[in-house]
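Undergrad: Based on what follows, work out the 3D shape:
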Amino acid sequence: MPSVYLETYGCQMNVADSELMLGKLAAAGYSHTQNPEGADVILVNTCAVRDNAEQRVLGRLGELRRHMHRDTVLGVTGCMAQRLGSRILDANSRVSLVVGPDAYRALPELIDGARRGERFTATDFDLEEHYDDFQARRFEGVKAWIPVQRGCDYRCTYCIVPYTRGSERSRAMADVVRETREVVEQGLTEVVLLGQTVNSWNDGSGDFGDLLRAVGAVEGIRRVRYTSPHPNDFTDSVIAAMAEVETVCEHVHLPMQSGSSAMLKRMLRRYTRDGYLDCVARMRSAIPDLSITTDIIVGFPGETDAEFAETLSLVRAVGFDDAFTFKFSPREGTPATRLPAELTVPEEVVDARYEELLALVRAIARSRNMARLGQRREVLVEKAARKGGDLLQARSRDFRTVMVPAEAAAIGDYLTVELTGTTGSTFTGTPVVERAHLPLAN
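TA: Residues are numbered from 1 along each chain as shown. Below is the predicted model of the structure:
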């Protein structure tokens, strides 16, 4: 069997797409190898959200050449492939394939052509494609990524996604539920529903709240997560489902991007500071123990000291459990690149604001985590800790990372642990032996 090696960069949607590609290639007679050395096919599944992600891929393509034999096929897939198209072929003579997110169905045939010496670019959008008949080759181990929506219609001024993923379209609920049942048959109990603005999902038969109820009711599922939602699409129906469906986890990743209404308008986020706070308040009212994480951009064109101060104050007001913080990265073709040059924030100012924001986020997260010491959590053991010796990495329902002492055989198990220590961002936990309550002897 010819072998295929695949590296994945970027978001969870890319991870899910990599699993779909591996499944498609397995059905076509390819074996998956964990080592690029001597692989017959090397694929790099890419991200285009920030420039540094693309630069990493370009450097990695050069590194991979030393692992290739004369007939190895080297391909670039994903959002960077969609964005740059044939420019990748022009810049790298060893790349034979450039395949966008809607062209994976043709991957075996494209590889066959490349093995005959041909070079291909496949970047046409297909607004009907959901890969419903693909059997994903899952490699995450204890959870399943399930795409329920592709593309995005919001078109924020800084974002490349609508240009690399196309317009929004929702997968049919019946297909999502069928795949969830298949996941259970494979022995997995946690699913993560994926979409660019996942809570705007609507297949014509119901909204995202209905989808949460349907997936959460599948027998054998213990945890349902989703990412990434948009603040505008948290209807009462969606929030009610989050609160009422037992399997839906008490965590939401709610991108904020900025705490300034003026800045949000320039970003075309379509909500205000007060609108974001109202969304948080409605969710916390329905789910008091909800954990909230977020995304924040620093240095968007025109950001003033006062607008950055508003971002800091909103971070304090919400009290996020964690945040992914980013320096603005201009992406070719997005409206933000057409803003007047005088709005560009000096690099040294961006760096200083980034460090100030990061320090605040970490301080708040540490304070909130210190208050949780001594509490008990159900955790799902996911994998060996990278720097934990005999520790395993586990995840609580509210998305806390917990390091627990356990044997490798416990991966995939649910444990009850007591939170005994924290670095500020992660916890250590001690497994608790639950004792049955016995009546006192007379």
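Undergrad: now do the same end-to-end measure for stretch 254-262.
TA: With C-alpha to C-alpha, to the nearest Å applied, stretch 254-262 spans 19 Å between its terminal residues.
Undergrad: Ok, stretch 163-178 next?
TA: One end of stretch 163-178 sits 30 Å from the other (C-alpha to C-alpha).
Undergrad: which residues touch it?
TA: Applying C-beta atoms under 8 Å, 6 or more residues apart in numbering, the contact partners of stretch 163-178 are 48, 79-80, 82-83, 100-102, 125, 127-128, 130, 132, 146-153, 193, 195-197, 200-203, 205-206, 210-211, 214-215, 218, 333-334. Just so you know, the C-beta spots here come from the backbone N, C-alpha and C atoms, and that holds for glycine as well.
Undergrad: Ok, stretch 222-231 next?
TA: Counting by C-beta under 8 Å, 6+ apart, 12, 143, 154, 189-200, 212, 215-216, 245, 247-249, 251-256, 269, 271, 275-276, 279, 295, 380, 397, 399, 414 sit against stretch 222-231.
Undergrad: re earlier: please spell out the ChimeraX selection for the buried subset of the contacts of stretch 163-178.
TA: In ChimeraX, a selection of the buried entries from the contacts of stretch 163-178 looks like this (16 or more other C-beta atoms under 10 Å):
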select :48,79,80,82,83,100,101,102,125,130,146,147,148,149,150,151,152,193,195,196,197,200,201,202,203,210,211,214,215,218,334
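Undergrad: Which stretches in the stretch 101-250 of the chain count as helices?
TA: All helices of the stretch 101-250 of the chain, identified by DSSP state H, counting those that start in this stretch, fall at 107-115, 161-165, 173-185, 208-216, 236-244.
Undergrad: Can you tell me what sits against the fourth one?
TA: What it means is helix 208-216. Contact with helix 208-216 is made by 148, 173, 176-177, 180, 191, 193, 198-202, 206, 221, 224, 226, 233, 235, 237-242, 244-248, as judged by C-beta under 8 Å, 6+ apart.
Undergrad: Dump the C-alpha coordinates for that helix into PDB.
TA: Provided in PDB are the C-alpha atoms of helix 208-216 (Å, rounded to 0.1, in the frame of the first residue of the first chain):
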ATOM      1  CA  PHE A 208     -28.600  25.500  16.500                       C
ATOM      2  CA  GLY A 209     -30.500  24.900  19.700                       C
ATOM      3  CA  ASP A 210     -32.400  22.100  18.000                       C
ATOM      4  CA  LEU A 211     -29.100  20.600  16.800                       C
ATOM      5  CA  LEU A 212     -27.700  20.700  20.300                       C
ATOM      6  CA  ARG A 213     -30.700  18.900  21.600                       C
ATOM      7  CA  ALA A 214     -30.600  16.200  18.900                       C
ATOM      8  CA  VAL A 215     -26.900  15.500  19.200                       C
ATOM      9  CA  GLY A 216     -27.000  15.700  23.000                       C
END
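Undergrad: could you give the angle of that helix to helix 236-244?
TA: 30 degrees (axes from the mean of the first three to the mean of the last three C-alpha atoms, to 10 degrees).
Undergrad: Quick check: beta-bridge partners of residue 248?
TA: residue 224 (DSSP bridges).
Undergrad: Measure how buried it is and give me the count.
TA: Using other C-beta atoms under 10 Å, residue 248 has 21 neighbouring residues.
Undergrad: isn't it right up against residue 241?
TA: Yes. With contact defined as C-beta atoms under 8 Å, residue 248 reaches residue 241; the gap is 6.8 Å.
Undergrad: isn't residue 135 right next to residue 23, touching?
TA: Yes. With contact defined as C-beta under 8 Å, residue 135 counts as touching residue 23 (4.6 Å).
Undergrad: Please say which of those two ends up with more neighbours.
TA: Neighbour count, other C-beta under 10 Å: between residue 135 and residue 23, residue 23 has more, with 18 against 15.
Undergrad: Centre of the chain to the helix or strand hosting the more buried one, how far?
TA: Here residue 23, judged by DSSP states H and E, is contained in helix 12-27. Chain-centre distance of helix 12-27: 15 Å, with C-alpha atoms, centre = their mean, to the nearest Å.
Undergrad: in that helix, what's buried?
TA: For helix 12-27, by 16+ other C-beta under 10 Å, it's 12-26.
Undergrad: Between helix 107-115 and it, find me the angle.
TA: 70 degrees.
Undergrad: which residues of the stretch 301-442 of the chain score low on pLDDT?
TA: 388, 433-442 (pLDDT under 70).
Undergrad: Would you map the helices across it?
TA: Counting by DSSP H, counting those that start in this stretch, the helices of the stretch 301-442 of the chain are 305-318, 347-370.
Undergrad: most tightly surrounded among the ones you listed?
TA: Ranked by mean neighbour count, the helices of the stretch 301-442 of the chain are led by helix 305-318 with a mean of 17 (mean count of other C-beta atoms under 10 Å).
Undergrad: And the contacts of it?
TA: 256, 258-260, 262-263, 273, 276-277, 280, 292, 294, 296, 298, 323, 353, 356-357, 360-361, 364.
Undergrad: Return the angle between stretch directions for it and helix 347-370.
TA: 10 degrees.
Undergrad: Pull out the buried members of the contacts of stretch 222-231.
TA: Of the contacts of stretch 222-231, these count as buried by 16+ other C-beta under 10 Å: 12, 143, 154, 189-200, 212, 215-216, 245, 247-249, 251-256, 269, 271, 276, 279, 380, 397, 399.
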